[in-house]
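Visitor: Quick one, what's the 3D model for this:
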Amino acid sequence: MQEDILNPDSRDFVTALASGLEVIRAFDDEHPRMTLSEVATRTGMNRAKARRILLTLHALGYVRKQHRYFELAPRVLHLGYAFLSANNYRGVIQQYLEDITDEIGESSSLGVLDGEDVIYVARSAAKHRLMAITLSVGTRLPAAHTSLGRILLAQLPEAELEDYLSSVELIRHTDKTIVDIEELRNQIIVARQQGYAVADQELDPGLRSLAVPAYDAKHQLIGAINVSTNVARVDIDTLLGVYLPIMQKKAAQIRLHVN
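Guide: Residues are numbered from 1 along each chain as shown. Next up, the predicted model:
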């Protein structure tokens with residue numbers, strides 16, 4: 001069960017900190033460098049507030065300034081590294097992901113749910129490229145249209161799942177993308193019942209993936225592990241008949257060895 005979340009109206013809520021993190025999150029692969037006006041537009045802040053936050057982040061070393069443009073500095077990586085260091089299971093799971101890649105020749109990843117997205121926190125990449133975008137640790141993808149995201153949504157308590165479904169915006173990426181809420185709900189329920197999820201060309205043409213949940217020895221959800229492949233190389237029968245048992249075996253090993 002998720003802990004109670006502090007209401008932004010609470011006296012204990014630090015608005016300045018929240019705004020600073022919002023500015024950091026505004027930078028992404030499509031917006032690596034922005035002007036003050038662009039940051040203000042992306043965050044919905046007025047220019048004066050955005051300016052103060054950018055200059056503070058610049059003074060702390062988290063943002064670099066080049067003429068009119070701002071961009072994230074390498075020090076931002078410390079924030080992500082703190083998460084990875086605090087979760088000492090990552091090294092164990094990384095080995096299992098690499099074992100999957102060695103065994104079947106496909107990329108395998110560990111993802112966690114963050115709002116409406118799934119974030120890659122560990123990855124073993126095969127030599128062949130699967131998507132137009134480059135996947136790496138830290139990549140965010142819409143949970144609704146990925147096998148990782150869908151199996152993680154299937155682990156949510158019913159009330160949290162309904163909150164997600166009532167607010168998520170489903171965007172079409174391919175002609176196979178599910179954009180109907182009821183159809184998505186049914187897919188999540190099926191994933192919950194069968195213990196795995198498949199996403200078939202919903203995010204990127206030709207991309208087919210399968211994911212299973214990963215729990216630790218205390219039955220606490222760590223995240224989900226997946227295998228990604230190409231439809232021209234791996235059909236559904238192979239995905240479910242050959243790859244699924246391998247993924248289930250690795251998930252069972254993770255549960256035995258991660259405390």
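Visitor: Could you chop the chain up by domain?
Guide: Structurally, the chain divides into domains by the TED database as follows: 15-76, 87-257.
Visitor: so residue 208 touches residue 231, yeah?
Guide: Yes - Residue 208 lies in contact with residue 231 (C-beta atoms under 8 Å); the separation is 5.0 Å. The C-beta positions use only the backbone N, C-alpha and C, and glycine is treated the same way.
Visitor: who has more neighbours, those two?
Guide: Taking other C-beta atoms under 10 Å, residue 208 and residue 231 do not tie; residue 208 has more neighbours (24 against 14).
Visitor: Any idea what the more buried one is bridged to?
Guide: Residue 208 has these beta-bridge partners by DSSP bridges: residue 200, residue 229.
Visitor: and it, what does it touch?
Guide: When contacts are counted by C-beta atoms under 8 Å, 6 or more residues apart in numbering, residue 208 touches 198, 199, 200, 201, 228, 229, 230, 231, 234, 236, 239.
Visitor: Lowest-scoring secondary structure element of the chain by mean pLDDT?
Guide: helix 77-86 (a mean of 69; mean pLDDT, DSSP states H and E).
Visitor: Can you name the element that comes right after that helix?
Guide: helix 90-104 (DSSP states H and E).
Visitor: Within its local environment, how many residues does the nearest residue to residue 109 once chain neighbours are set aside see?
Guide: Excluding the flanking residues, the one nearest residue 109 by C-beta to C-beta, 6 or more residues apart in numbering is residue 123, at 4.4 Å. Neighbourhood size, residue 123 [other C-beta under 10 Å]: 21.
Visitor: Ok, residue 10 next?
Guide: With other C-beta under 10 Å as criterion, residue 10 counts 9.
Visitor: repeat for residue 197
Guide: 26.
Visitor: What of residue 245?
Guide: Around residue 245 there are 10 residues (other C-beta under 10 Å).
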